[in-house]
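Trainee: model this:
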Amino acid sequence: MPELPEVEVSRMGISPHLVGQTIKSITFRTPKLRWDIPQELKQLEGEVIEQIARRAKYLIIQTQAGSAIVHLGMSGSLRVLDAELAPGKHDHVDLKLTNGKILRYNDPRRFGAWLWSKPDEVHPVLLGSGPEPLTEEFNAAHLAEKAKGRRVAIKQFIMDNKVVVGVGNIYANEALFSSKIHPLRPANKVTSAEWDLITKEIKQVLATAIKQGGTTLKDFAQADGKPGYFAQELQVYGKVGEPCPNCGEELQEQKIGQRNTFFCDSCQI
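Mentor: Predicted coordinates:
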């Protein structure tokens, strides 16, 4: 599933092609993805795209009439293409612009979403969301306050969107390894100094991933590109049985909150 860095790179990639352009038409080739596609999205036709924003793992295509809220699900991708290019089997949505380009949404598994939001409305899928991890609002004091009395495993805690948005499975594994915090440690057993370190490492791993992804932006104009994905410099994720890059001990794997978790039993305490 695309995580926050991939979604942010998608936003960076499509924004230069869309912002300031007028939406000529919207074509839906399926009535439903993860949820029914709201017909209100047709209100965007004839509107100028003012901004492509991101909240958590959702992209927001903003106009004065309202916004399309897009989630890539597990297999979705967005590409900017020539309008004449015929759609493929899994090309479910085309947003046609007056400059002769289209924003095409492809999703083989149909777990993504296209939603509608009125101007100045917070869509229900975004209500109650925590702070963005790369903002000043996300800090050690915030985490320590949210962790009071919480015995949930710290990995589940930092992946809770009510605590902080967008820290997905890959980057939760990586940040905890860099912080030398065991993923099963109860959230209320983390010290203030450790919260400082965890906050720093979450910000660092996400910022680095976004920076790496920026080198793939050319893919957004290619019909066969996979925009938003890039070579990730991972230390532990997916590397069960391999030697720990710090101590050489064998890396472990365990399900925590139904998610595969990778860690070093020696380095992480």
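
Trainee: Could you use CA atoms for every contact and neighbour count after this?
Mentor: Noted.

Trainee: ok, so what distance separates the closest residue to Leu78 other than its chain neighbours from Arg29?
Mentor: If the residues on either side of it in the chain are set aside, Leu78 comes closest to Tyr105, at 4.8 Å by C-alpha to C-alpha, 6 or more residues apart in numbering. Applying C-alpha to C-alpha, to the nearest Å, one obtains 10 Å for the distance of Tyr105 from Arg29.

Trainee: sorry, back to before: doesn't the residue nearest to Leu78 lie inside a strand?
Mentor: Yes - for Tyr105, which was evaluated using DSSP: H, G, I helix; E, B strand; the rest coil, the result is membership in a strand.

Trainee: what touches both of Tyr105 and Arg29?
Mentor: Taking C-alpha atoms under 8 Å, 6 or more residues apart in numbering as the contact rule, the neighbours common to Tyr105 and Arg29 are Asp91, His92, Val93.

Trainee: So which of those residues belong to strands?
Mentor: Secondary structure assignment by DSSP state E places Asp91, His92, Val93 of the shared contacts of Tyr105 and Arg29 in strands.

Trainee: Tell me, domain by domain, which residues of the chain belong where.
Mentor: The record's domain split for the chain, according to the TED database, is 4-118, 140-263.

Trainee: So what touches the longest helix belonging to the chain?
Mentor: Among the elements of type helix in the chain, defined by DSSP state H, the one spanning the most residues is helix 192-213. Counting by C-alpha under 8 Å, 6+ apart, the neighbours of helix 192-213 from elsewhere in the structure are 4-6, 8-9, 133-134, 138-141, 143-144, 167, 171-172, 174-176, 178-179, 228-232.

Trainee: Just the buried residues of these.
Mentor: By the neighbour-count criterion of 16 or more other C-alpha atoms under 10 Å, the contacts of helix 192-213 include these buried positions: 4-6, 8-9, 133-134, 138-140, 143-144, 167, 171-172, 174-176, 178-179, 228-230.

Trainee: how about Leu33, what does it touch?
Mentor: Leu33 sits next to Arg110, Phe111, Gly112, Ala113, Trp114 when contact means C-alpha under 8 Å, 6+ apart.

Trainee: Tell me which of those residues fall in helices.
Mentor: Members of the contacts of Leu33 lying in helices (criterion: DSSP H): none.

Trainee: Could I get the full set of strands for this structure?
Mentor: In order along the chain, the chain carries the following strands (DSSP E): 23-28, 51-55, 58-62, 67-71, 77-82, 91-97, 101-106, 113-117, 252-256, 259-263.

Trainee: Which of these sits closest to Arg34?
Mentor: strand 113-117 (5.6 Å; C-alpha to C-alpha).

Trainee: list the buried ones in stretch 177-196?
Mentor: Of the residues in stretch 177-196, those scored as buried under the neighbour-count criterion (16+ other C-alpha under 10 Å) are 177-190, 194-196.

Trainee: That stretch - what's its average pLDDT?
Mentor: The predicted model gives stretch 177-196 an average pLDDT of 98.

Trainee: Kindly report the same for stretch 261-269.
Mentor: Averaged over stretch 261-269, pLDDT sits at 97.

Trainee: again, but for stretch 115-129
Mentor: 95.

Trainee: ditto for stretch 91-111
Mentor: Rounded to a whole number, the mean pLDDT of stretch 91-111 is 95.
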